[in-house]
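> This is a predicted model, with the sequence first.
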Amino acid sequence: MQQNIENAEYVAGRDIHNSILPRELPETEKQSLFYRATGISCTAKERVELEKLISDHDFTAKEIMMTRQAKVLVFDETSGQLKLKYNPFFKYFMYVLFVTVR
C-alpha cells in the first residue's frame, strides 16, 4: 500500500529548516555576541574579517584589541579588508633589530 503526500518536499524542507539546521542570526545579534565575547565594537564587514583572524589564524581577542587600539590593524572600507598600518620608522627599527639579533 502506497500513500502519496502532496507537498511532501515542502513539509520535509520546512521541518529540516525549523528543527535541525541552526537558524541564521540577525546582524544585530551577531554584533552583540561578538562584542560580548571580545569587547570589540565594529562594523559587520570588519567583524567578519576579525572572526576569520580569530578562528583561522589563532589570534586572541586581546591581541586584536591591542593592535586596533594602537591603530596598527585598521579596516579599509574601500577594499573591505583589514590592513596593517605602521610608520616607516617602525619598519626600519624592525630591520635593524632583525640584523643585530641574527
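Okay, I see it.
> CA only for contacts and neighbour counts going forward, please
Noted.
> need the helices for the protein, in chain order.
Secondary structure of the chain (DSSP state H): helices at 8-15, 27-38, 44-57, 61-69, 88-101.
> Out of the ones you listed, which is closest to Ser79?
Shortest separation from Ser79 across the helices of the chain is recorded for helix 44-57, at 10.6 Å, computed as CA to CA.
> can you give me how far the closest one is from the chain middle?
Taking CA atoms, centre = their mean, to the nearest Å, one finds helix 44-57 lying 2 Å from the centre of the chain it belongs to.
> What is that helix packed up against?
Under the contact criterion of 3 or more CA pairs under 8 Å, 6 or more residues apart in numbering; DSSP states H and E, helix 44-57 touches helix 27-38, strand 81-84.
> Now tabulate those in JSON lines and tack on distance to Thr60.
JSON lines is the format used below for the helices and strands packed on helix 44-57 (distance: least, CA to CA, whole Å):
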{"stretch": "helix 27-38", "distance to Thr60": "9"}
{"stretch": "strand 81-84", "distance to Thr60": "16"}
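> Adding mean neighbour count as columns, could you present these in CSV?
CSV is the format used below for these (neighbours: other CA atoms under 10 Å):
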stretch, mean neighbour count
helix 27-38, 13
strand 81-84, 14
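> Could you dump those into TSV with mean pLDDT and distance to Ile54 added?
Below are the helices and strands packed on helix 44-57 laid out as TSV (pLDDT from 0 to 100; distance: least, CA to CA, whole Å):
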stretch	mean pLDDT	distance to Ile54
helix 27-38	92	10
strand 81-84	90	13
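> So which of the ones you listed is nearest Met94?
Nearest to Met94, of all these, is strand 81-84, at 14.7 Å by CA to CA.
> what's in contact with that closest one?
Counting contacts by CA atoms under 8 Å, 6 or more residues apart in numbering, the residues outside strand 81-84 that touch it are 46, 49, 72-76.
> Noted, bye for now.
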